[in-house]
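>>> Model the following, please.
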Amino acid sequence: MNSVLITGANRSIGLETVKQISKKGLFVYLGSRDLEKGKTAVKELNEQGFENIQAIEIDVTSHDSILAAKQVIEREQGKLDILINNAGILGANPQQASNTPIENIREIFDTNFFGVINVTQVFLELLKKSKSPRISNITSGLASLTLHNIPDWKYYGIKTAGYGTSKAALNAYTIALAHELKELSFKVNVIDPGYTATDFNHHSGPLTVESAASFIVKHTLTDENAPTGKFFSNDIEDETEESPW
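Numbering: from 1, shown residues only. Below is the predicted model:
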């Protein structure tokens, strides 16, 4: 049975992604910074009939926590097939480029950018033991530099000095990683689940968590002919579902 680790998975899009991947018959590690919250989420999922899910403590801003999670998965599975870097924070708003405290921006980057790099680098050893490893980095439409320069883009007025820039940096890192691993069987992509109604944005988004998770699953559980190094967005009305960088 293939195994999946999803960070930040005890609520919202991450939790729904756990549900949908579990239904596909994979073993899912539900990553949570607070292990008790993760265990509570798993208990509720089990009561709803979902199986093959285990809570695992992982704080993406703590190297020791990441190493401990890796040791658990290595001991129990011997490998990891899929890594979904879902954990992220929005940060305090507003985020004006001219006056947002550097400490606030650094805090956002610690989770959204450096946290993803740390988790990915630690788990690469286990992913390389899989026959078809997948890395999906969850990004945002606000990471597209191209769209941010199109005045009639529907989100043109939303500029965030911390959140959007951290996701743009994540996109750039993903391109570099996908290129490095392109001769192996890896598929490494960034996936924007779209502007989804969650606690993250006070439920202001027009999309549902079911739609967001379905989009993530679609572009993660792919075959050997799938592309790598791409930016897929649930907000793009195009058959390729690719966003401009």
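
>>> What about the residue nearest to Asn93 when sequence neighbours are not counted, how many residues nearby?
Spatially, and ignoring its direct neighbours in sequence, Asn93 is nearest to Thr160 (7.6 Å; C-beta to C-beta, 6 or more residues apart in numbering). For glycine as for every other residue, the C-beta is placed from the backbone atoms N, C-alpha and C. Neighbour count for Thr160, taken as other C-beta atoms under 10 Å: 21.

>>> Likewise for Tyr163?
Neighbours around Tyr163, by other C-beta under 10 Å: 24.

>>> wouldn't it be in contact with Thr100 here?
No. Using C-beta atoms under 8 Å, Tyr163 is not in contact with Thr100, being 10.2 Å away.

>>> what sits against the residue nearest to Asn93?
Contact partners of Thr160, counting by C-beta atoms under 8 Å, 6 or more residues apart in numbering, are 91, 93, 95, 142.

>>> By neighbours, which of those wins?
Gln95 (21 neighbours).

>>> hang on, that one packs against Ala161?
Yes. With contact defined as C-beta under 8 Å, Gln95 counts as touching Ala161 (4.4 Å).

>>> avg pLDDT for the longest helix anywhere in the chain?
With residue count as the measure and DSSP state H as the assignment, the chain has helix 163-180 as its longest helix. In this model, helix 163-180 carries a mean pLDDT of 98.

>>> Now for Glu51: which residues touch it?
Ser22.

>>> secondary structure class for it?
Going by DSSP: H, G, I helix; E, B strand; the rest coil, the secondary structure assigned to Glu51 is coil.

>>> same check, this time on Ser98
Classified using three-state DSSP, Ser98 is coil.

>>> Could you report the pLDDT at it?
98.

>>> Tell me how far it lies from His148.
17 Å (C-beta to C-beta, to the nearest Å).

>>> Over to Asp34?
From Asp34 to His148 the distance is 34 Å (C-beta to C-beta).

>>> which residues in the protein form strands?
3-6, 27-32, 53-57, 82-85, 134-138, 187-192, 231-233 (DSSP state E).

>>> what packs against the second one?
What that stands for is strand 27-32. Here strand 27-32 touches strand 3-6, helix 12-23, helix 35-47, strand 53-57, helix 63-77, going by 3 or more C-beta pairs under 8 Å, 6 or more residues apart in numbering; DSSP states H and E.
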